[in-house]
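>>> Please work out how this folds:
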Amino acid sequence: MGSSTSKFSVDLKQLLPGFHQRRFSVRGVGFDAFIWRGNAPGPVLLLNGATHGDEYEGPTLLRQWAERWRPKNLRGTVVMVPVLNEGAFYAGLRSNPADDLNLARAFPGDARGSVTQRLAHVFDTQLLAQVTHYVDLHSAGRAYELLPWTGFITHEKSINRTQRAMAACFDAFWCWDGPFLPGRTLSAAHARKIATIYVECRGTGDVDPRDLRNLDRGLRHLLAALEIMPAKRPAKLRAQIQRTTKDADEAHLQIHHPAPHDGLFVPTAKVGAHVRRGQLLGTVHALDQIGTTTVRAERSGRIVMWRVQRSVSTGDALCTLAPI
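Reported below is the predicted structural model:
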């Protein structure tokens, strides 16, 4: 339990060394956290999965660690929240159907708002406010497939160096960093000057074993890099493909190649493919008339996000390209 004088419902500094399970909850909205406290002071690292309810890689990895990880030489604190957005998770949807708001657009939230706005507020003020480093584990969800990457919001130089080093730990993923976008978990961390990265896995509504292995490897590297856990040997990190952009829209996945109308999407390319500007990416077939509408590449680049769900509504993003 937190101190009677603490502003936090669960005050991490008040917990004894060891393993704890706590629920962060205010006004009926909250999430469960697994917490490891070391005997020695150090960083406070937070990881969460399921900011969106149909992304399963983060929950799977963090639950595995919660079940098995009992470190003996921990320095600092590690907090894992396998499922942040419980309402969306149990519905199997990107957003909580109670208000249909995207949690990754709701920060910093509102203590008196809808369920998603209240959840953002609880996460920001009750947990994020207590940490020094943060990792948000994402994926493409059930409707898309991604070319896995890690990334961060560019910040002042000292924080950027830390974020770059954190991203490098996930060395099986390429790295994409860019300017501030509002409403994200990363936006709230940015405002608090917390070194933060996110990781994107393949998605498609499943968990690829390669992603789990690569996430696990990255987390072990990160714990050593932050000196939370002693390293048995110096890490041999693989060189990452890196892309830094000053265009906030470049990595805004939901705005590129929108479906021109409702219908059936028939793709002609795959994730990871290199395409030229104007190249055919697929066609959209309306259900109520004969004929098709072509979808062509807005620019040259590599397909890093691709819609795998064939049914589409007007405006659904079909593809994102990155110049890598």
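>>> tell me the domain boundaries of the protein?
12-244, 253-322 (automatic domain parsing).
>>> now these as CSV including mean pLDDT and mean neighbour count?
All C-beta spots, glycine's among them, are computed from the backbone N, C-alpha and C. Below are the domains of the chain laid out as CSV (pLDDT from 0 to 100; neighbours: other C-beta atoms under 10 Å):
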stretch, mean pLDDT, mean neighbour count
domain 12-244, 96, 19
domain 253-322, 96, 16
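>>> If you count contacts, what does the helix ranked longest in the chain end up packed against?
Using DSSP state H, we find that the single longest helix of the chain is helix 209-225. Applying 3 or more C-beta pairs under 8 Å, 6 or more residues apart in numbering; DSSP states H and E, one finds that helix 209-225 contacts strand 40-48, helix 57-68, strand 133-139, helix 157-169, strand 195-201.
>>> could you measure the residue nearest to Leu237 when sequence neighbours are not counted against Ala231, distance?
Excluding the flanking residues, the one nearest Leu237 by C-beta to C-beta, 6 or more residues apart in numbering is Asp171, at 4.5 Å. Note on Asp171: its distance to Ala231, by C-beta to C-beta, to the nearest Å, is 15 Å.
>>> same question, Gly291
On the measure of C-beta to C-beta, Gly291 and Ala231 end up 60 Å apart.
>>> ditto for Thr185
28 Å.
>>> quick revisit: need the contact list for the residue nearest to Leu237.
217-218, 221, 237-240 (C-beta atoms under 8 Å, 6 or more residues apart in numbering).
>>> if we go to 10 Å?
Going by C-beta atoms under 10 Å, 6 or more residues apart in numbering, Asp171 touches 150, 214, 217-218, 221, 235-240.
>>> hey, what's Asp32 bridged with?
Note on Asp32: beta-bridge partners Arg23, judged by DSSP bridges.
>>> you'd agree it is up against His20?
No. Using C-beta atoms under 10 Å, Asp32 is not in contact with His20; the gap is 11.1 Å.
>>> which SS state does Gly151 fall under?
strand (DSSP: H, G, I helix; E, B strand; the rest coil).
>>> what's the span of stretch 62-78 from first residue to last?
11 Å (C-alpha to C-alpha, to the nearest Å).
>>> typo on my end, stretch 190-200
In stretch 190-200, first residue to last residue: 18 Å (C-alpha to C-alpha).
>>> So that it lines up with my notes, have the first residue be 5 from now on.
Let's use 5 as the start, then, which means that last one is stretch 194-204.
>>> any idea how far the residue lying closest to Val139 once chain neighbours are set aside lies from Leu227?
Of all residues not flanking Val139 in the chain, Leu51 sits nearest, at 4.6 Å (C-beta to C-beta, 6+ apart). Leu51 sits 10 Å away from Leu227, going by C-beta to C-beta.
>>> Find the residue closest to Arg311 in space, skipping its chain neighbours.
Of all residues beyond its chain neighbours, the one nearest Arg311 is Leu322 (4.8 Å), with distances taken as C-beta to C-beta, 6+ apart.
>>> And the one you found, how far from Cys179?
Counting by C-beta to C-beta - Leu322 and Cys179 are separated by 24 Å.
>>> quick one: the helices in this protein?
Using DSSP H, helices in the chain cover 61-72, 90-95, 119-126, 161-173, 189-195, 213-229.
>>> Surely the residue nearest to Arg311 is in contact with Thr298?
No. Using C-beta under 10 Å, Leu322 makes no contact with Thr298, being 11.4 Å away.
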